[in-house]
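Visitor: coordinates only, sequence not included:
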């Protein structure tokens, strides 16, 4: 599959569960991003990785833990989440971290925390 | 701090009418401005960026540093333009990339 893929597309988890979101890009890009999109807030940048190194963490709570084993894969590990963490989590990639680079988005994972 | 505002949550126009989606930003450095679009049941995608000075699908946007604006315009709206539009701001290398809250454009027949 081409482009940016995300799995699962939907996830329901309890507050005590541990789960992981996966993102994969087949574009040969070097930068990858996690965004949170909730109904009442603008799209929020969570984490940025450039050449597998985390370059930004926008004051995200530690219950969200990113992992980037290589430039093509990005994970978001979730544990002890809160109901307010329910949202659409989007992954994106770009050629590099240059702010002028176009970001390509995945379809998102719809997360519901019960 | 970087900030992007889009004052209209919803904008409805009739087919063939001109449309303008407003975007204002605050940033002390040299801004890079973008418009992203999300059509129904499709993923978020880049529409255009100010640095390219291009017209995509009939849309144009001019960066006005004096007014700190980057409004998106199209002279004749089409029904297929109905979508969610996000203005986005990037700065110098390493700066955060910030999206506006979005404007839902509805083009009526």
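Guide: Yep, it's here. In this text the structure is predicted, and so the values were computed from the model without any measurement.
Visitor: going forward, measure contacts between C-alpha atoms and count neighbours the same way
Guide: Fine.
Visitor: quick one: the residue of chain A found nearest chain B from residue B:3, how far?
Guide: With C-alpha to the nearest C-alpha as the measure, residue A:42 is the residue of chain A nearest to chain B, at 4.2 Å. As judged by C-alpha to C-alpha, to the nearest Å, residue A:42 and residue B:3 stand 11 Å apart.
Visitor: ok, now residue A:107?
Guide: 25 Å.
Visitor: about what we covered before: shared neighbours, residue A:42 and residue B:3?
Guide: Applying C-alpha atoms under 8 Å, 6 or more residues apart in numbering or on different chains, one finds that residue A:42 and residue B:3 are jointly contacted by residue B:100.
Visitor: enumerate every residue touching the spatially closest residue to residue A:10 that is not a sequence neighbour.
Guide: Nearest non-adjacent residue to residue A:10, counting by C-alpha to C-alpha, 6 or more residues apart in numbering or on different chains: residue A:110, 4.7 Å away. Neighbour list for residue A:110: A:9, A:10, A:11, A:86, A:87, A:88, A:89 [criterion: C-alpha under 8 Å, 6+ apart].
Visitor: one more time with 7 Å
Guide: Contact partners of residue A:110, counting by C-alpha atoms under 7 Å, 6 or more residues apart in numbering or on different chains, are A:9, A:10, A:11, A:87, A:88, A:89.
Visitor: if we can go back for a sec, give me the neighbour count for the closest residue to the residue of chain A closest to chain B other than its chain neighbours.
Guide: Leaving aside its chain neighbours, residue A:42 sits nearest to residue B:101 (4.2 Å; criterion: C-alpha to C-alpha, 6+ apart). Neighbour count for residue B:101, taken as other C-alpha atoms under 10 Å in any protein chain shown: 25.
Visitor: tell me which residues touch residue B:101, please.
Guide: Here residue B:101 is in contact with A:41, A:42, A:43, B:5, B:6, B:86 (C-alpha under 7 Å, 6+ apart).
Visitor: partner residues bridging the closest residue to the third one other than its chain neighbours?
Guide: Same thing as residue A:43. Leaving aside its chain neighbours, residue A:43 sits nearest to residue A:37 (4.7 Å; criterion: C-alpha to C-alpha, 6+ apart). Each beta-bridge partner of residue A:37 is listed here: residue A:88, as defined by DSSP bridges.
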